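Trainee: Turn this into a model:
(one chain, ligands or ions: 1)
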Amino acid sequence: MMGPGDDPKAPLPHVAMHAPPQAVFLDRDGTLIEHVPYLRDPADVVIRRGTREALSRLQAAAAKLFLFTNQSGVSRGLFQMAEVEAVNRRMVELLDLGAGLFTAVCVAPELPDDVPVYRKPSPRFIQEMLAAHGVAREHAWMVGDSPVDWEAGINAGVRVAAIVPDSANPKAPERRQELGISAYPTLREWVDAL
Ligand SMILES: [Mg+2]
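Mentor: The predicted structure follows:
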């Protein structure tokens, strides 16, 4: 199911950006798609309003897109990595912007209390991808709806944007203000501001 604004047949705007990013790291739940706690069923994937237009414009500007999602449900035994991948595939299918939409995908299965490997706020995935693709930190963004998204971006030294309303985390608005991060209702408004 897609939101109003995500009609695949609708013409997509191609307005030039002042400062197109070269790499964008995107949180999944609550950022690209509606947040569903421990989402495991591809049938429950709902693209957020504005996501498709935003990603299309970033593609047109030759930005490399990376999906970066924490999925502790894997370590909690609530679902398997294969189910996460099925949800990701469904999201890409609904977005209808090509199977190669994401240059790379990082699913971090660790629990919040585990020693993080890739789990946000670890900057490791961002750092590895910037090095692999020769992108300077000032040309890269981390965009998400949770404090761990913003902290991962800050830890990696890239630019950070918040999507609101903030996730289920009640401390998110306060943390966002502490960190001084600009907030946008959807990915589309962030891209409009670039
Ligand atoms: Mg999120």
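Trainee: what is the mean pLDDT for the longest strand seen in the chain?
Mentor: Using DSSP state E to define each element, the chain has its longest strand at strand 64-70. The average of the pLDDT scores along strand 64-70 is 98.
Trainee: Show me what it packs onto, helices and strands only.
Mentor: The elements that strand 64-70 packs onto, with contact taken as 3 or more Cβ pairs under 8 Å, 6 or more residues apart in numbering; DSSP states H and E, are strand 23-26, helix 51-60, helix 81-95, strand 104-108, helix 124-133, helix 147-156. No exception for glycine: its C-beta is placed from N, CA and C like everyone else's.
Trainee: if you compare the ones you listed, which one is most tucked away?
Mentor: For these, average neighbour numbers computed from mean count of other Cβ atoms under 10 Å are highest in strand 23-26, which has a mean of 26.
Trainee: That strand pairs with which strands?
Mentor: Under the criterion DSSP bridges, strand 23-26 sits next to strand 64-70 (parallel), strand 140-144 (parallel) in its sheet.
Trainee: Kindly format the C-alpha coordinates of that strand as PDB.
Mentor: Coordinates of each C-alpha in strand 23-26 appear next as PDB, following Å, rounded to 0.1, in the frame of the first residue of the first chain:
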ATOM      1  CA  ALA A  23      26.100   9.500  -0.400                       C
ATOM      2  CA  VAL A  24      22.900   9.200   1.700                       C
ATOM      3  CA  PHE A  25      22.500   6.700   4.500                       C
ATOM      4  CA  LEU A  26      18.900   6.000   5.100                       C
END
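Trainee: is it anywhere near the ion?
Mentor: No - remark: strand 23-26 sits outside contact range of the ion, by Cβ under 5 Å from the ion, the gap being at least 9.7 Å.
Trainee: Now do that strand: everything it contacts.
Mentor: When contacts are defined by Cβ atoms under 8 Å, 6 or more residues apart in numbering, strand 23-26 is touched by residues 32, 58, 63-68, 125-126, 129-130, 133, 135, 139-144, 152-153, 158, 187.
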